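A.B. asks: Here is the input, now give the coordinates:
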Amino acid sequence: MTTPDAAPRGTLRHIDLHKIGVGRFLATNGRGGVLPVGSGDDPDFTPVELLLVALAGCSAIDVDLITGKRAAATTFEVSAEGDKIRDEQGNRLVDLRITFDVRFPEGEDGDRAREVLPRSIEQSRDRLCTVGRTVQLGAAIEYGTR
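C.D. replies: Numbering: from 1, shown residues only. From the prediction side, this is the model:
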């Protein structure tokens, strides 16, 4: 296992979570961004919803960067969903689905963007999206205390 001290410079990603109420936490990143996280009894995103956001957001950024070099999308919407189940392996999501609704303007640039759209989605799924690749390949998670 790679420890944070042994990780190559620039590879470590880190957030802190601070309790702000019953079933409510505030996530903070190193750039000062904050995000409330809740248990589902309030409007805050739940951790499961945040996983779906991370999956969709990661691929959306990849696809937008690739297609946007050809033409700016006139519509760019992404949905993420999965079924939460409980079985002998515990709670988890199955049948994860990421669906893109992306449209480009008429014309040559739009045609080039439409042409690369399917491949850009495949590239995100198969190689680029760190979140999706981690979920697909699995990663050990070490739990502990300080």
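A.B. asks: going forward, measure contacts between C-alpha atoms and count neighbours the same way
C.D. replies: Fine.
A.B. asks: So what's the residue count around Ile66?
C.D. replies: Neighbour count of Ile66, defined by other CA atoms under 10 Å: 19.
A.B. asks: Identify the residues contacting it.
C.D. replies: Val116, Ser120 (CA atoms under 8 Å, 6 or more residues apart in numbering).
A.B. asks: Show me which positions of the helix ranked longest in the chain end up buried.
C.D. replies: Ranked by number of residues, the top helix in the chain under DSSP state H is helix 47-67. Neighbour counts over helix 47-67 (16 or more other CA atoms under 10 Å) mark 49, 51-60, 62-64, 66-67 as buried.
A.B. asks: repeat for stretch 105-120
C.D. replies: Under the neighbour-count criterion of 16+ other CA under 10 Å, stretch 105-120 has Asp109, Gly110, Ala113, Arg114, Leu117, Ser120 buried.
A.B. asks: same check, this time on stretch 20-35
C.D. replies: Arg24, Phe25, Leu26, Ala27, Thr28.
A.B. asks: So which residue is smack in the middle of this protein?
C.D. replies: Taking CA atoms, centre = their mean, the centroid of the chain lies closest to Ala54, which sits 1.8 Å from it.
A.B. asks: Looks like that residue contacts Val131 (just checking).
C.D. replies: Yes. Taking contacts as CA atoms under 8 Å, Ala54 lies within contact range of Val131: 6.6 Å.
A.B. asks: Not counting sequence-adjacent ones, nearest residue to Lys19?
C.D. replies: Phe25 (4.3 Å; CA to CA, 6 or more residues apart in numbering).
A.B. asks: Ile85 is in contact with Asp95, isn't it?
C.D. replies: No. Applying CA under 8 Å as the test, Ile85 and Asp95 come out as separate, 10.2 Å apart.
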